[in-house]
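A.B. asks: fold the following, please.
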Amino acid sequence: MDPSAPPADWNPGEKSGGDQPPPYQDHNAGYSPIPPSYSNQADYPQAQPYGVPYGQPHGGQCQGPLAGQPTVTVQPTVFVNTSLAQPLPDYLGYSIFTMLCCCLPLGIGALVYSINTRDANMQGRRAEAERNSRMALTLNNVALGMGIVIGILYVIFLFRHS
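C.D. replies: Next up, the predicted model:
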């Protein structure tokens, strides 16, 4: 016998368990009765226009939430552009080239100084931009020189041992 099969005397047309649910009881399950002022939804006030505090007339001027309360005025944000009129070169492309093709450690250092130069240019800090630009150029030139020297030594080493 299959345990998931219905019993032999089961009729799918009948309700199981002959008990009917209890009748609906019209009480508030322990809550106080609804006040008469809330009984009709049509008593709600009309929607207020945008920007008018609730319960205040909207005849031109707005007061705060309560009479005599000050209102809060939000000032617009002002962005001040302090970037340099003639920004210093950041050598970003040169730094990426030396990092990928010549000397990775010096190229990474040059890239960091190039990005710092760009940030200082955007924030209007000329002395910091000059210092970072000079350091990025120096690191780039040293990395390029090391890359050329290593490349020449590699070619000489290949021809000598072939």
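
A.B. asks: pull the longest helix from the chain.
C.D. replies: helix 126-160 (DSSP state H).

A.B. asks: name the helices or strands packed onto that one?
C.D. replies: Packing contacts for helix 126-160, counted by 3 or more Cβ pairs under 8 Å, 6 or more residues apart in numbering; DSSP states H and E, involve helix 92-101, helix 104-123. Placement of C-beta: from N, CA and C, glycine included.

A.B. asks: out of the ones you listed, which is closest to Pro22?
C.D. replies: When the helices and strands packed on helix 126-160 are compared by Cβ to Cβ, helix 104-123 sits nearest Pro22, at 74.3 Å.

A.B. asks: which residues are contacting the closest one?
C.D. replies: Applying Cβ atoms under 8 Å, 6 or more residues apart in numbering, the contact partners of helix 104-123 are 82-84, 87-92, 94-100, 126, 128-129, 132-133, 135-136, 139-140, 142-143, 146.

A.B. asks: below-threshold pLDDT in the chain: ranges please.
C.D. replies: When residues are selected by pLDDT under 70, those of the chain lie in 1, 10, 12-21, 24-69.

A.B. asks: if you set the cut-off to 90 instead, what comes out?
C.D. replies: For the chain, the stretches with pLDDT under 90 are 1-85, 161-162.

A.B. asks: quick one, the longest helix of the chain and helix 104-123 angle?
C.D. replies: Angle, helix 126-160 to helix 104-123, by axes from the mean of the first three to the mean of the last three Cα atoms, to 10 degrees: 160 degrees.
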